[in-house]
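pasting the sequence and the predicted model now:
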Amino acid sequence: REMCSSSRNGIVVSRTAAIPDPCLDEMIFTTHRLAILVISSALVACGSSGEERFAGLPTADQVRAEQASAPSQTTITRSELDQDRLKRGARLWRTQCQRCHQIGAGARHAAGPQLWQIVGREAGTAAGFGYSKALGEGGFVWTGEALNAWLAGPWRFLPGTSMQYGGLSRAEDRLAIIEFLQHGSR
């Protein structure tokens with residue numbers, strides 16, 4: 001780069017003129033290529049690991065069919081509770097869910113429906129909340145299994161849902177939130 005200055009009517013004007021520098025240009029080009037490679041690799045990795053979190057998880061259609069043929073009551077009893085997991089569920093609730101949902105006696109709808117006593121409730125039935133068509137026509141009950149699949153990726157579990165949430169990839173995090181919803185929020 002070269003510094004140029006000139007004088008007009010007694011005022012000195014300085015400017016920097018760009019002088020081509022092939023080494024600098026190659027370094028910038030290489031840096032950009034590296035950034036593109038890193039970002040592309042990350043996106044590919046996210047895509048593949050993202051699909052792994054759904055392995056073995058049902059869709060809403062599969063849950064409906066299973067519940068219609070053999071209704072189950074997938075619940076966790078108090079004797080099976082892990083207190084550390086319950087605390088983890090409370091912490092995850094605060095960081096992942098509380099912005100849009102409320103729980104507890106007297107909970108109200110916010111951006112999302114209130115989730116008080118959601119385990120065992122039919123999907124899309126909290127009075128007064130404007131559900132998406134897909135969830136409003138749910139036709140299934142929120143069991144531990146259904147909530148696990150939902151929390152992994154709402155849009156994958158029930159296409160057409162309006163919930164804007166990327167999901168939780170770790171099964172133990174999903175279980176902690178489900179246990180908190182079922183037992184810790186009382």
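Received the coordinates, thanks.

any weak-confidence spans in the chain?
In the predicted model of the chain, residues 1-51, 53, 70-81, 184-186 satisfy pLDDT under 70.

all strands of it, in order?
Using DSSP state E, the strands found in the chain span residues 2-8, 11-17.

what's the burial count for Ala55?
Counted with other C-beta atoms under 10 Å, the neighbours of Ala55 add up to 8. Every C-beta, even on glycine, is put in place using the N, C-alpha and C of the backbone.

ok, now Arg108?
10.

likewise for the one 3 residues further on?
Burial measure for Ala111: 9 neighbouring residues, criterion other C-beta under 10 Å.

now do the contacts for the residue nearest to Pro159 when sequence neighbours are not counted.
Of all residues not flanking Pro159 in the chain, Ala134 sits nearest, at 6.7 Å (C-beta to C-beta, 6 or more residues apart in numbering). Residues in contact with Ala134 (C-beta atoms under 8 Å, 6 or more residues apart in numbering) are 60, 158-161.

and the buried ones among those, selectable in PyMOL?
Paste this into PyMOL to select the buried members of the contacts of Ala134, with burial taken from 16 or more other C-beta atoms under 10 Å:
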select buried, resi 60+158+161
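
can you redo the contacts of Ala134 as CSV with distance to Gln114?
Below are the contacts of Ala134 laid out as CSV (distance: C-beta to C-beta, whole Å):
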residue, distance to Gln114
Ala60, 21
Leu158, 19
Pro159, 24
Gly160, 22
Thr161, 17
